[in-house]
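1. what shape does this take:
(one chain, ligands or ions: 2)
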Amino acid sequence: MIRAGIVGATGYAGAELCRLLYAHPEVEIAAVSSVSFEGQALSDVYPAYRGFLDLICGNQEEVVEKSDVIFAALPHGLSQELAAQCIEKNKVFIDLGADFRLENEEDYKEWYGGTYLDKSLHAQAVYAMPELFREQIKGKKLIANPGCYTTGAPLALAPAVKGGLVEPQGIIVDSKSGATGAGRGLSQTTHFTELDGAFHPYKVACHRHTPEIEQTLSHLAGKPVRITFVPHLLPVDRGIISTCYARIMPGVTKEQIRQAYEDFYKDETFIRLLPDGKVADIKAVKYTNLCDISLHVDTRTGTLVAVSALDNMVKGAAGQAIQNMNIVFGLPEETGLKLVPPAF
Ligand SMILES: NC(=O)C1=CN([C@@H]2O[C@H](COP(=O)(O)OP(=O)(O)OC[C@H]3O[C@@H](n4cnc5c(N)ncnc54)[C@H](OP(=O)(O)O)[C@@H]3O)[C@@H](O)[C@H]2O)C=CC1
Ligand SMILES: CC(=O)N[C@@H](CCC(=O)OP(=O)(O)O)C(=O)O
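-> Ligands and ions are numbered 1, 2, ... in the order given. This next block holds a predicted model:
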């Protein structure tokens, strides 16, 4: 059995990791940690876990000592030293935050206001989006798990961008996220009376996921890609819809685009390319590691509209982290992730 530990287990991403790892047939949860709830049972923090996850929250050091793989579900900026400790002890480290996602330190400084404490450590990290960079993940120990918006948007666009079917400039990514994307801590925009009945964009064209999405799309295109990214806060608990607009290259047909997506995703367990006429919906992927993609072509304006839907807590965080763990440990990718969405 793989001994897994979760640092930051009391946050939403950490708690979701615990839920999924509990049911993983090749994993035992060895230890979990919290600062605020140290000494308390996880099931006291989340009553739904009573009888399943009654383990007591310890500290980070215990998690590192007892585990073969350490998942960090901490706020940005707290993973670098922890990663160094884990790598030094030859453990696998999977970071759900953004500390190892950006290849260019200047981008990290600009968008996160931090620096890379140890450049050689960053050089060991792999940006782990299995559907796009699977081969690079195998054999790695320092895993940068992509963010939520930064999973949905590239998956919606990847076949078109990689195949040169759309113009790499002028792409618009219009995303809507449920409130769990903001974590468990309460803020003015996420408390019930502000969120209920509301719907608005935020961080318009200045969200920190912009360089991460551009980094992925640039790798696929083989040249720099710039996007306009506008996230919105939806008054629902989970789910992200990304509606992505790109100009179709002259001469490229609707049929060629669909064929490119079918070829690109034909062996992908977690990608459901919807038939023509269907539209991706967050409800159909809830609690699963699925990413649904629907394709729409506006022939009047020559625009591809590619829509993705995923559960930000699963494919956008904990599920993708487990998918990455499975790759690193040589397990079938779907192990522990064969999750059927509720019908309604
Ligand atoms: N929510 C989402 O949809 C997604 C989140 N992520 C990323 O996952 C990470 C966790 O996010 P999320 O679970 O939403 O956030 P939460 O705010 O819900 O949880 C944060 C966790 O970090 C712990 N924590 C906070 N401050 C410290 C500290 N100074 N030292 C140690 N532990 C601390 C908290 O634990 P305690 O107070 O108990 O110690 C809590 O368990 C973030 O990097 C986020 O960006 C990635 C993809 C999607
Ligand atoms: C709704 C909401 O507030 N979402 C978060 C993104 C959540 C996320 O998961 O971002 P990381 O993976 O990079 O942490 C935000 O906009 O900051």
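2. nearest to ligand 1: which residue in the stretch 1-150 of the chain?
-> Residue nearest to ligand 1 within the stretch 1-150 of the chain: G11 (1.9 Å; CB to the nearest ligand atom). Any C-beta I mention is one placed from the backbone N, CA and C, and that applies to glycine too.
3. and for the stretch 101-250 of the chain?
-> Shortest the stretch 101-250 of the chain-to-ligand 1 distance, computed as CB to the nearest ligand atom: residue-wise this is G183, at 3.0 Å.
4. what's the neighbour count on that residue?
-> 14 (other CB atoms under 10 Å).
5. OK, contacts around it?
-> For G183, the contacting residues are 11-13, 75, taking CB atoms under 8 Å, 6 or more residues apart in numbering as the criterion.
6. residues of the stretch 51-200 of the chain that sit close to ligand 1?
-> Taking CB under 6 Å from any ligand atom as the measure of proximity, the stretch 51-200 of the chain contacts ligand 1 at 73-76, 78, 96-97, 147-148, 180-181, 183-185.
7. among those, the buried ones, what's the ChimeraX command?
-> Selecting in ChimeraX just the buried members of those, where the criterion is 16 or more other CB atoms under 10 Å, is done with this command:
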select :73,74,76,96,97,147,148,180,181
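8. now render the residues of the stretch 51-200 of the chain next to ligand 1 as JSON lines, adding distance to E105, pLDDT and secondary structure.
-> As requested, those are exported to JSON lines (distance: CB to CB, whole Å; pLDDT from 0 to 100; DSSP: H, G, I helix; E, B strand; the rest coil):
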{"residue": "A73", "distance to E105": "23", "pLDDT": "98", "secondary structure": "coil"}
{"residue": "L74", "distance to E105": "20", "pLDDT": "98", "secondary structure": "coil"}
{"residue": "P75", "distance to E105": "19", "pLDDT": "96", "secondary structure": "coil"}
{"residue": "H76", "distance to E105": "14", "pLDDT": "94", "secondary structure": "coil"}
{"residue": "L78", "distance to E105": "18", "pLDDT": "96", "secondary structure": "coil"}
{"residue": "L96", "distance to E105": "20", "pLDDT": "98", "secondary structure": "coil"}
{"residue": "G97", "distance to E105": "16", "pLDDT": "97", "secondary structure": "coil"}
{"residue": "G147", "distance to E105": "18", "pLDDT": "93", "secondary structure": "coil"}
{"residue": "C148", "distance to E105": "23", "pLDDT": "97", "secondary structure": "coil"}
{"residue": "T180", "distance to E105": "30", "pLDDT": "97", "secondary structure": "helix"}
{"residue": "G181", "distance to E105": "26", "pLDDT": "97", "secondary structure": "helix"}
{"residue": "G183", "distance to E105": "25", "pLDDT": "96", "secondary structure": "coil"}
{"residue": "R184", "distance to E105": "30", "pLDDT": "96", "secondary structure": "coil"}
{"residue": "G185", "distance to E105": "28", "pLDDT": "94", "secondary structure": "coil"}
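9. and the strands in the chain?
-> With DSSP state E as the definition, the chain shows strands at residue ranges 2-7, 27-33, 57-58, 69-72, 92-95, 125-127, 142-144, 171-177, 200-201, 227-233, 240-247, 271-273, 291-298, 303-310.
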